[in-house]
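K.L.:
Build the 3D model from these lines:
(one chain, ligands or ions: 2)
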Amino acid sequence: MLHDQSHDDAHGHSHGHSHSQAHDHAHDHAHDHAHDDSHDREHPAPGSASERALRIGVGGPVGSGKTALVAAMCRLLAPEMSIVVVTNDIFTREDAEALRRMRVLDDDRIVPVETGCCPHTAIRDDISANLDAIEQLEALHGPVDVTFVESGGDNLTAVFSRALVDHQIFVLDVAGGDKVPRKGGPGVTTADLLVINKTDLAPLVGADLEVMRGDSIARRGALPIEFTSLVEIDGATAVADWIRERVAFWRGRALAMP
Ligand SMILES: Nc1nc2c(ncn2[C@@H]2O[C@H](COP(=O)(O)OP(=O)(O)OP(=O)(O)O)[C@@H](O)[C@H]2O)c(=O)[nH]1
Ligand SMILES: [Mg+2]
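P.N.:
Numbers count the residues shown, from 1 in each chain. Ligands and ions are numbered 1, 2, ... in the order given. Reported below is the predicted structural model:
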């Protein structure tokens with residue numbers, strides 16, 4: 001087991017509710033928001049920091065490195081916090097199986113959702129299957145610190161509903177060409193963190209990382225950008241630091257609750 005039982009004390013969580021209460025609460029909201037296609041900050045994911053994990057969506061084009069990023073985050077962060085993962089695939093359970101094969105978490109902390117439809121529908125328009133999977137995982141393993149939701153690979157327009165996740169990471173890769181950030185789209189322009197992955201391939205595909213950085217800044221303003229290479233052991237430590245900061249802030253909210 002990666003997670004010891006001293007978790008509560010170590011993090012000072014206040015989890016006075018039962019899991020079923022937390023589940024019911026979140027479930028009611030799940031139906032309130034199930035067909036809510038907004039993804040702005042006016043409709044935050046239901047449940048407060050004292051009741052549930054911080055939920056982080058990982059989206060981006062097919063093959064950009066979403067699963068590899070989730071795996072790297074589990075490897076870097078699981079020794080210090082409790083993590084569960086929901087993966088989305090259209091027709092298979094491939095990504096959940098890949099994560100289980102990598103043994104980054106105990107198998108029962110990784111649950112697949114087979115969307116059977118366009119990936120963005122399940123993370124933006126009808127989020128009920130994902131919310132059910134998240135609630136079950138958080139109830140089973142609670143208190144959980146971070147729940148990752150990996151979207152199926154999609155295009156530059158796919159973003160998560162703010163009713164499903166608190167933060168979203170959008171993963172591009174340099175192999176798509178250095179023009180991709182310039183093409184914009186809501187993932188590039190609005191994600192809480194833009195990850196530009198596979199920097200090791202830049203020389204091979206003739207991608208100029210400074211062009212990607214400049215175009216990303218032009219579209220995102222002050223929103224953060226990280227460059228990663230997930231084939232290197234320390235290739236995503238900056239992303240792990242970003243998640244640590246978000247979790248600390250989320251816990252602070254929990255501690256500040258009456
Ligand atoms: N060279 C290199 N390969 C990488 C890197 N990150 C991921 N890969 C490889 O890229 C391929 C796709 O990575 P995945 O993590 O499966 O990508 P994904 O975005 O989850 O893919 P889908 O879920 O199918 O959309 C795999 O063969 C990875 O090993 C990287 O930083 N550098
Ligand atoms: Mg994947």
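K.L.:
Just confirm residue 144 contacts residue 86, I think it does.
P.N.:
No - assessed by C-beta atoms under 8 Å, residue 144 is found out of contact with residue 86, at 11.5 Å. From N, CA and C alone the C-beta is placed, and that goes for glycine too.
K.L.:
Quick check: neighbours shared by those two?
P.N.:
Residues touching both residue 144 and residue 86 (C-beta atoms under 8 Å, 6 or more residues apart in numbering): residue 137.
K.L.:
Residue numbers of the stretch 101-250 of the chain in contact with ligand 1?
P.N.:
Where the stretch 101-250 of the chain comes near ligand 1, counting by C-beta under 6 Å from any ligand atom, the residues are 153, 197, 198, 200, 201, 229, 230, 231.
K.L.:
Burial check on the fifth one, number of neighbours?
P.N.:
The reference is to residue 201. By the criterion of other C-beta atoms under 10 Å, residue 201 has 15 neighbours.
K.L.:
now it, nearest residue through space, not along the chain?
P.N.:
Leaving out its chain neighbours, the residue that sits closest to residue 201 by C-beta to C-beta, 6 or more residues apart in numbering is residue 175, at 5.1 Å.
K.L.:
That neighbour: what's it in contact with?
P.N.:
Neighbour list for residue 175: 198, 201, 205, 207 [criterion: C-beta under 8 Å, 6+ apart].
K.L.:
for residue 64, same thing?
P.N.:
Going by C-beta under 8 Å, 6+ apart, the list of residues near residue 64 reads 153, 171, 172, 173, 176, 197, 198.
K.L.:
Next one: the last one from residue 81, what distance?
P.N.:
So the one you mean is residue 198. Here residue 198 is placed at a distance of 26 Å from residue 81 (C-beta to C-beta, to the nearest Å).
K.L.:
More neighbours: the two, which one.
P.N.:
Taking neighbours as other C-beta under 10 Å, residue 198 and residue 81 compare with residue 198 leading, 25 against 20.
K.L.:
Would you confirm that that one contacts residue 171?
P.N.:
No - contact criterion C-beta under 8 Å: residue 198 and residue 171 do not qualify, at 9.6 Å.
K.L.:
what do those two both touch?
P.N.:
64, 65.
K.L.:
which residues touch the closest residue to ligand 2 within the stretch 151-258 of the chain?
P.N.:
When scored by C-beta to the ion, the stretch 151-258 of the chain has residue 153 as its residue closest to ligand 2, at 6.4 Å. Counting by C-beta under 8 Å, 6+ apart, residue 153 makes contact with 60, 61, 62, 63, 64, 66, 119.
K.L.:
Please enumerate the strands of the stretch 151-258 of the chain.
P.N.:
Using DSSP state E, counting those that start in this stretch, the strands found in the stretch 151-258 of the chain span residues 167-173, 193-197, 225-227.
K.L.:
rewinding a little: what remains of the contacts of residue 64 if I keep only buried residues?
P.N.:
153, 171, 172, 173, 176, 197, 198 (16 or more other C-beta atoms under 10 Å).
K.L.:
need the contact list for the third one.
P.N.:
It stands for residue 172. By C-beta under 8 Å, 6+ apart, the contact set of residue 172 is 60, 61, 64, 180, 181, 188, 194, 195, 196, 197, 212.
K.L.:
got those as CSV, with distance to ligand 2 and pLDDT columns?
P.N.:
Formatted as CSV, the contacts of residue 172 follow (distance: C-beta to the ion, whole Å; pLDDT from 0 to 100):
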residue, distance to ligand 2, pLDDT
60, 9, 94
61, 11, 94
64, 9, 96
180, 18, 93
181, 21, 94
188, 19, 95
194, 17, 98
195, 13, 98
196, 17, 98
197, 12, 98
212, 21, 97
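K.L.:
among the residues you listed, who's most crowded?
P.N.:
Neighbour counts for the contacts of residue 172 (other C-beta under 10 Å) peak at residue 60, which has 29 neighbours.
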